[in-house]
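Q: Turn this into a model:
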Amino acid sequence: MRIIFFGTPDFALPSLRALVSSGEDVVTVVTQPDRVKGRGHILSQPPVKEVASSYGIPVLQPSGLRSAEFFDTISILAPDMVVVVAYGKILPAALLGLPPKGCINLHASILPKYRGAAPIQWAIVRGERTTGVTTMLMDEGLDTGDTFLMETTEILPEDTASTLSARLSVMGSRLLLETIDRVKEGSVRPVPQKGEPSYAPIIRKDDGKIDWNRSALDIFNLARGMFPWPGAFGSIRREKVILIKTKVMGDTTRGAPGVIEKIWKNELLVSTGRGVLSIIEMKPEGRQSMSGAAFARGRYMKEGMSFDL
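A: All right, here's what the predicted structure looks like:
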């Protein structure tokens, strides 16, 4: 089939590669415009653009999708199907109705749970034990379309948003190919979503701010879900730090939330609203990551001192 692929970040790469390898005719890729990134303010291409260009696939980077000019461009390409994987914008109704085989989206959750921009991060932050991927026929809503296929996976205790995203992207690419094959042969039909929906809004920097009054488990999940960006961050003596690796040390708390209970081996044990959190690895702002104990010893910290609340 003639397919137009919409996608932007690393998560979309396995799906794009799988489509090309399967022999489908990916006639054009649509991705977000180049963005300025990093401290050096370097203009960077989206990962999908780089991979599409390596295949020799034409790339479009519209600033918006609702112009008549963009619609005419897509219409001339006459796609049989549009495939969307983490593109970053909702497709307008006119575009959704254009391809005869529809617009198929790969979403990184088991819908209707975690509709929205950041399903992987919020699933970890909210302590979910399982998640997965869903293929659906897109409509005008936010991940509200009828679903084709789903596949679940366990969220491992050591998973971060980065590792879980990598795993789901590969799993999703396989599910996407299966969905497309079954749509072509007519052996699958979309069905309405069932269950209570939940939402996963776009991640903002302040979402990573640590509230030491929360439980050690909550902060542990926050550190995993907000890695690599924006990170679970707090401050001590007004120095900003990001928690890289943590673990929960039971439900008993001796000190007030945020108080350093113990500097132990390579770890820094901190009281929370419920339980003690062990900080195994942390990163001071502008510096390399280090063990929790190394951070404390390098700043002559003592037990009983507190993180800023």
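Q: Helix or strand next in line after the helix or strand of the chain with the lowest mean pLDDT, which one?
A: Every helix and strand in the chain was compared by mean pLDDT, DSSP states H and E; the lowest is strand 35-37, with a mean of 87. Using DSSP states H and E, the helix or strand that follows strand 35-37 in sequence is strand 42-44.
Q: Which strands border that following strand, and is each parallel or antiparallel?
A: If you go by DSSP bridges, strand 42-44 pairs up with strand 35-37 (antiparallel).
Q: Can you tell me the element residue 20 falls in?
A: Here residue 20, judged by DSSP H and E, is contained in helix 13-22.
Q: do residue 269 as well
A: Assigned by DSSP H and E, residue 269 falls within strand 267-271.
Q: elements contacting that strand?
A: Packing partners of strand 267-271 (3 or more C-beta pairs under 8 Å, 6 or more residues apart in numbering; DSSP states H and E): strand 260-264, strand 276-284, helix 292-298. (Each C-beta comes from the backbone N, C-alpha and C, glycine too.)
Q: quick one: low-confidence parts of the stretch 1-150 of the chain?
A: Of all residues in the stretch 1-150 of the chain, none has pLDDT under 70.
Q: Any buried residues in the helix holding residue 20, and which?
A: 13, 14, 15, 16, 18, 19, 20 (16 or more other C-beta atoms under 10 Å).
Q: about what we covered before: check the average confidence over the strand holding residue 269, would you?
A: Strand 267-271 comes out with an average pLDDT of 96.
Q: Strand partners (parallel or antiparallel) of it?
A: Strand 267-271 has the following strand partners under DSSP bridges: strand 260-264 (antiparallel), strand 276-284 (antiparallel).
Q: could you dump those strands to CSV with mean pLDDT?
A: Output for these, formatted as CSV (pLDDT from 0 to 100):
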stretch, mean pLDDT
strand 260-264, 92
strand 276-284, 97
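Q: and among the helices and strands packed on strand 267-271, the most buried is which?
A: Among these, strand 276-284 has the highest mean neighbour count (mean count of other C-beta atoms under 10 Å), at a mean of 21.
Q: any idea how far that one is from the chain center?
A: Chain-centre distance of strand 276-284: 23 Å, with C-alpha atoms, centre = their mean, to the nearest Å.
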